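Novice: got a predicted structure plus its sequence, pasted below:
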Amino acid sequence: METSKNKAIEAIKAPIQKEWLNPKEAHQEFGFSVSTLAKWRMKNIHLKFSKMGKYIKYKRSDIEAFLNSNIVEVA
C-alpha cells in the first residue's frame, strides 16, 4: 500500500508535461517536422493551433486527439 509520502515522491519524479507546445517541442515529442506544421498552419488543416503575437502553440490534447483519430488498422 502506497503512503501519501510515496505518492508525493512519485509525483516529483514524474516528468512534467507542458500543456502547450511550440512547433519545435511538438517535433521533439511527437515527430512532426517543423516545416510540416508550418504548411498545415498555412492551409489551416489537421491540427488546431493558437497564435499569441508571433508565437505559435499547440495544445497537447489536440495533438493526441489528432493522432488517435488517424489510427490505421491493418487487416
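Specialist: Okay, I see it.

Novice: now do the contacts for the residue positioned nearest the centre of the chain.
Specialist: With distances taken as Cα atoms, centre = their mean, the residue of the chain nearest its centroid is residue 60 (3.1 Å). Taking Cβ atoms under 8 Å, 6 or more residues apart in numbering as the contact definition, residue 60 lies against 17-21. C-beta coordinates here come from the backbone N, C-alpha and C atoms, glycine included.

Novice: cutoff 7 Å now
Specialist: Listed by Cβ atoms under 7 Å, 6 or more residues apart in numbering, the contact partners of residue 60 are 17, 19, 21.

Novice: which of these tops the neighbour count?
Specialist: Within the contacts of residue 60, most neighbours by other Cβ atoms under 10 Å means residue 21, with 21 neighbours.

Novice: secondary structure element holding the residue nearest to it when sequence neighbours are not counted?
Specialist: Excluding its sequence neighbours, the residue lying closest to residue 21 (Cβ to Cβ, 6 or more residues apart in numbering) is residue 58, at 5.1 Å. Assessed by DSSP states H and E, residue 58 sits inside strand 55-59.

Novice: what strands line up against that strand, and which way round?
Specialist: strand 20-21 (antiparallel), strand 50-52 (antiparallel) (DSSP bridges).

Novice: so which residues make contact with the longest one?
Specialist: Residues lying outside strand 50-52 but in contact with it, judged by Cβ under 7 Å, 6+ apart, are residue 57.

Novice: now it: mean pLDDT?
Specialist: Mean pLDDT, strand 50-52: 94.

Novice: buried stuff in it?
Specialist: For strand 50-52, burial by neighbour count (16 or more other Cβ atoms under 10 Å) applies to no residue.

Novice: show me how far that strand is from its chain's centre.
Specialist: Taking Cα atoms, centre = their mean, to the nearest Å, one finds the center of strand 50-52 at 15 Å from the center of the full chain.
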